[in-house]
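Undergrad: Sequence first, predicted coordinates after that:
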Amino acid sequence: MLKTKWLYLGDLALVVVFVSQSAGCTRFGFGVDAGVFDDADDRPSASDGARFDGLATDAFQSDAFQPDTFQPDTFQPDTFQPDTGLEDSFLGDTVSSDANLAAIEFESLSPTLAAEGDGLITVTLTLSTALGVPVGIKVMASDTGTASGADYQFPAGDIVTITAGETSAHLSIQIVDDSTIEPIEFFDITLGTVTPGVAMVGARSSHRIIITDNDPETTMLVVSAATHNCVLNSAGQVKCWGGNASGELGLGDTENRGDEPGEMGAALPAVNLGSSVRVVDLSAGESGAHTCALLSSGDVKCWGYGRTWNEPGYMGYGHSRNLGDEATDMGDNLPTIQLGQGVKVKDLTSSSFNTCVITSDQRAKCWGVGFYGANGNGSSACVGASLLQMGDNLPYLQLGAGARVLKIAMGAFHRCALLDNLKLKCWGWNVVGQLGYEDTNTRGDDLSEMGDNLRYVDLGAGAQVVDVVASTGMYVERPEEHHSCALLSTGQVKCWGGGGYGRLGYGDTSRRGDTPGSMGDSLGTVDLGTGRTAKRIFASNGSTCAILDNNGLKCWGRGAAGQLGNNSQASIGDGSGEMGDDLEPVFLGLGRYARHVSGSFVLWGEGHRCALLDNNEVKCWGKNGLGELGAGNTEVLGDGLGEMQVLGAISL
């Protein structure tokens, strides 16, 4: 059977491809016509009288065709387009290389950063040379990332067209807000078939989209400090309860809330942060006594305890006075933290004595107690005791050329930053290997240790990190209290640092990350159960928790006050047979599951934990000396048989 294919290369040239098929074989013949088509549609027809360099279609015999008779000087191999089945389409096969063709590729090598709630975003494709014809290319989302089709859409379709005479076009992507609190998600877009004969795919043929969680703006969030908790509701209001010795509840007094009947629910006022203020994110120092709120304006306000260990001003106001313990402290009287001219914040995190923010350009600033280089500024001095240290004088973290920060996890004296290449850099105190560099050397108290000199944490070949947490143990005398964990794109969890009470989840109390050969592929993954993976992780001083792919919540580590939610005071994860399928999920009510978890630590490992549930209720359990469980009493909950099964939600 003889088939004829035409490839039109402009007004002055035509390539004809003869395809002969017989007995399962395919042969090709070629001809070139340099004449001009004489009909209106500029397509070949019998009336055009096209010449084929001595080969006539009516005389062509497939069996008689001899490839050796082909004249190479009349054929340009790179212009040949095989039969793709798309000859009637705008697109043909992907062209891998041709110096004579224009290259189409993504404009940027850096990932595009988006947040849930952003709506429509665009990614730019460029053409190396403007052409007289339109160029179309198909884009495809790969399955190599963690995001699914439920997280994004191509509302204008998956074909991008660069119009004639132009050198760029935009791909529209709709970021879907699923109203769930989740780790960082990502997906890769690759370039596929392109208009044949005029363009090829260039070197930047793949582009990554990273989606950060923006759901505190539309849902709720609960955070915990040493003896108090705060919840951010869907209206952008904040309510706090528990211990209040330093004004950390922000209610203009020092009275505890939640330790006596009638103090919760409608009786618990919202924190006054000023007129027309909406809060979009919240943080509290796990072992400390201060709280910080991110406003919709991109500004930050903090209140509570103003100094610690004779280190004044760690809240960043240039003084050491408590804020929130007097009525005149709050509302419009509470100033915003000075972070620099035009600087706006998109995320914030607090530890016991520090706060770090991620700015709108994905850089980061930190202030507070600087022990062991915790602020990453080449010093161990406290930052924030003087306003001269804040504002434009507060330096950005140096994490390497072009580094963009997605998240910062804060221990008491160490930090880990998740960057847009989905890798980690950590700095600060490192006595038990909590930085993950296979040594115990402190980093960050000398600027030469930061920037490009600060290595990535090795979590194994090809590891991509989508979440990171760090514990905020209070005391240097107990180094085993400090650890870090990473959630990988595979849903696996790896932990390193101090292993006391089994907080790393490896069935022992050994440290990891402090000696050569203890990280990378040698660092195992935490056993979460047969076929189970994690989608969120949380760490407090004595323990670690993970929300699993089936929405179960599992916690391990120190359980001195029942903070593991296992109806006992036993530690979990420090011996064999305690993890994996042997570890029961925390019971939060029939059909209920956790969307977010917070935790605290106080003396001797006794802390509490709170969970924001799928129905927006909050439940807390563990230590309850000052009403931090919001139950109207000071009884410990979660350490006795059957207590979790009858644990009620807090009235908010």
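TA: Perfect, thanks for sending it.

Undergrad: okay, CA-based contacts and neighbour counts for the rest of this
TA: Fine.

Undergrad: ok, the nearest residue to residue 492 once chain neighbours are set aside - how many residues close by?
TA: In space, residue 492 comes closest to residue 533 once its chain neighbours are excluded; the distance is 5.8 Å by Cα to Cα, 6 or more residues apart in numbering. Using other Cα atoms under 10 Å, residue 533 has 22 other residues around it.

Undergrad: and residue 213, what is it in contact with?
TA: Listed by Cα atoms under 8 Å, 6 or more residues apart in numbering, the contact set of residue 213 reads 115-116, 181-184.

Undergrad: Pipe those into a markdown table and attach distance to residue 522, pLDDT and neighbour count per row.
TA: Shown next, in a markdown table, are the contacts of residue 213 (distance: Cα to Cα, whole Å; pLDDT from 0 to 100; neighbours: other Cα atoms under 10 Å):
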| residue | distance to residue 522 | pLDDT | neighbour count |
| --- | --- | --- | --- |
| 115 | 34 | 87 | 18 |
| 116 | 35 | 84 | 20 |
| 181 | 31 | 69 | 19 |
| 182 | 28 | 77 | 19 |
| 183 | 25 | 86 | 21 |
| 184 | 25 | 91 | 23 |
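
Undergrad: Could you report the distance from residue 347 to residue 238?
TA: Computed with Cα to Cα, to the nearest Å, the distance linking residue 347 and residue 238 is 17 Å.

Undergrad: Surely residue 639 touches residue 571?
TA: No. Using Cα atoms under 8 Å, residue 639 is not in contact with residue 571; the gap is 11.2 Å.

Undergrad: Quick check: residue 458 touching residue 520?
TA: Yes. Residue 458 is within contact range of residue 520, at 4.8 Å (criterion: Cα under 8 Å).

Undergrad: Of those two, which one has the most company?
TA: residue 458 (21 against 18).

Undergrad: Does the more buried one fall in a helix, a strand, or a coil region?
TA: Using DSSP: H, G, I helix; E, B strand; the rest coil, the secondary structure recorded for residue 458 is coil.

Undergrad: Likewise for residue 448?
TA: Residue 448 - assigned by three-state DSSP - is helix.

Undergrad: so who does it touch?
TA: residue 378.

Undergrad: Next: residue 441.
TA: With Cα under 8 Å, 6+ apart, residue 441 has these contacts: 429-431.

Undergrad: separation between the residue nearest the centre of the chain and residue 143?
TA: Closest residue to the average C-alpha location of the chain: residue 184 at 2.6 Å, with Cα atoms, centre = their mean. Using Cα to Cα, residue 184 is found at 16 Å from residue 143.

Undergrad: what does residue 402 give?
TA: Residue 402 is 27 Å from residue 143, by Cα to Cα.

Undergrad: same deal with residue 381?
TA: As judged by Cα to Cα, residue 381 and residue 143 stand 46 Å apart.

Undergrad: between the two, who's got more neighbours?
TA: Shown here are residue 381 and residue 143; by other Cα under 10 Å, residue 381 has more neighbours (18 against 13).

Undergrad: measure that one to residue 435 for me?
TA: Taking Cα to Cα, one finds residue 381 at 20 Å from residue 435.

Undergrad: try residue 573
TA: Distance from residue 573 to residue 435, counting by Cα to Cα: 21 Å.

Undergrad: out of everything not next to it in sequence, what's closest to residue 578?
TA: Nearest in space to residue 578, with sequence neighbours left out and distances taken as Cα to Cα, 6+ apart, is residue 572 at 6.1 Å.

Undergrad: Quick check: the one you found touching residue 560?
TA: No. Counting by Cα under 8 Å, residue 572 stays clear of residue 560, with 10.6 Å between them.

Undergrad: Contact partners for residue 524?
TA: Contacts of residue 524 by Cα under 8 Å, 6+ apart are residue 494.

Undergrad: sec struct for it, please.
TA: From three-state DSSP, the assignment for residue 524 is coil.

Undergrad: Renumber starting at 44 from here on
TA: With the count now opening at 44, the last piece we talked about shows up as residue 567.
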